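*Asks:* Quick one, structure for this:
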Amino acid sequence: KQWYQRRVAITAGQGSISSSECHFTSCDPGSKVVIVNGRVTCVACPLGTYQNKQNQTSCTSCPYDTYQDTESSVSCVQCPENSITYTDKATDLQDCEGPEITIATGKSFSGSTSVIYDKRTQLASNLRGKISSFKVNRGDWYIFSGTRYGGSKIRLNEGTTRTDVTDSRQYPKISGLGRGSFYSIRPVVTNVMCYNEKGLYYTGYRSKTQKGVVCQNWRSSYPHSNTNTY
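*Replies:* As a prediction, this is how the structure comes out:
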């Protein structure tokens, strides 16, 4: 068999009136066609964009909740579960945000370790007071001395780490912190994070948009009609 590379004639834009404005090119996916001084050039799609087709004149922005940290990409990378981005064209994993805490049953993160996110179905409502070490990776979290978020609560700020919750010498000092504090845990609800896609797949605790607008309950038909039933 003989193989050949397909060459496609394109124009730099709409409204062309002459065949002289047609240019032959063969740009691979991950790049876009750029015409400079009548010459066709293939330019790599920049960070935060992708192109999965040949011979295209533009790159597509990575949608919300995805990112791309490599040029010449043919797709975008999905953010970790329950993390989001606030803009499209995200260029780094660090652009994916969302409350996250690591907890372990043993000191210095030994024993059984879990990473908890801001999602109602993944929150721990009965940890039975067995947590010995933790690290608040993103956002602030409440821990409760009772199951199902009952009893007294303690706020853990982002960045707070304990390799041994019973060691009162670790900084910063947190009054009442101990294994008995960890019976349930959930993130502090703030308005600094906004979930997109109209909240369709969101199952966490936030009830306001980034600008402070109160969200409508899914079971409510006011002020917006709701045709779905639950």
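
*Asks:* By mean pLDDT, point me to the weakest helix or strand of this structure.
*Replies:* Of all helical and strand segments in the chain, the minimum by mean pLDDT, DSSP states H and E falls on strand 8-10, at a mean of 57.

*Asks:* what lines up beside the helix or strand containing residue 136 in the sheet?
*Replies:* Following DSSP states H and E, one finds residue 136 within strand 133-138. Neighbouring strands of strand 133-138 in its sheet, by DSSP bridges, are strand 100-104 (antiparallel), strand 161-162 (antiparallel).

*Asks:* got the buried residues for stretch 34-47?
*Replies:* Residues of stretch 34-47 classed as buried by neighbour count (16 or more other C-beta atoms under 10 Å): 35, 40, 42, 44, 45, 47. Heads up, the C-betas are built off the backbone N, CA and C, glycines and all.

*Asks:* swap that for stretch 166-178, please
*Replies:* So stretch 166-178, judged by 16+ other C-beta under 10 Å, has buried residues 174, 177, 178.

*Asks:* ranges for the helices of this protein?
*Replies:* Using DSSP state H, the chain contains no helices.

*Asks:* shaky segments in it?
*Replies:* Across the chain, the ranges flagged by pLDDT under 70 are 1-14, 19-25, 81-82, 86, 118-123, 189-212, 217-219, 226-230.

*Asks:* Apply 80 and report the result again.
*Replies:* By pLDDT under 80, the weakly predicted segments of the chain are 1-25, 36-39, 80-87, 97-98, 117-126, 139, 188-230.

*Asks:* Next, work out how far apart residue 186 and residue 148 are.
*Replies:* Between residue 186 and residue 148 the computed distance is 10 Å (C-beta to C-beta, to the nearest Å).

*Asks:* quick one: which of those two has more around it?
*Replies:* Taking other C-beta atoms under 10 Å, residue 186 and residue 148 do not tie; residue 186 has more neighbours (21 against 10).

*Asks:* Can you give me the distance of the more buried one to residue 99?
*Replies:* The value you get for residue 186 to residue 99, if C-beta to C-beta is used, is 9 Å.

*Asks:* and for the two, which residues touch both?
*Replies:* residue 141 (C-beta atoms under 8 Å, 6 or more residues apart in numbering).

*Asks:* burial measure for the residue nearest to residue 170 when sequence neighbours are not counted, as a count.
*Replies:* Excluding its sequence neighbours, the residue lying closest to residue 170 (C-beta to C-beta, 6 or more residues apart in numbering) is residue 162, at 5.6 Å. For residue 162, the neighbour count with other C-beta under 10 Å is 24.
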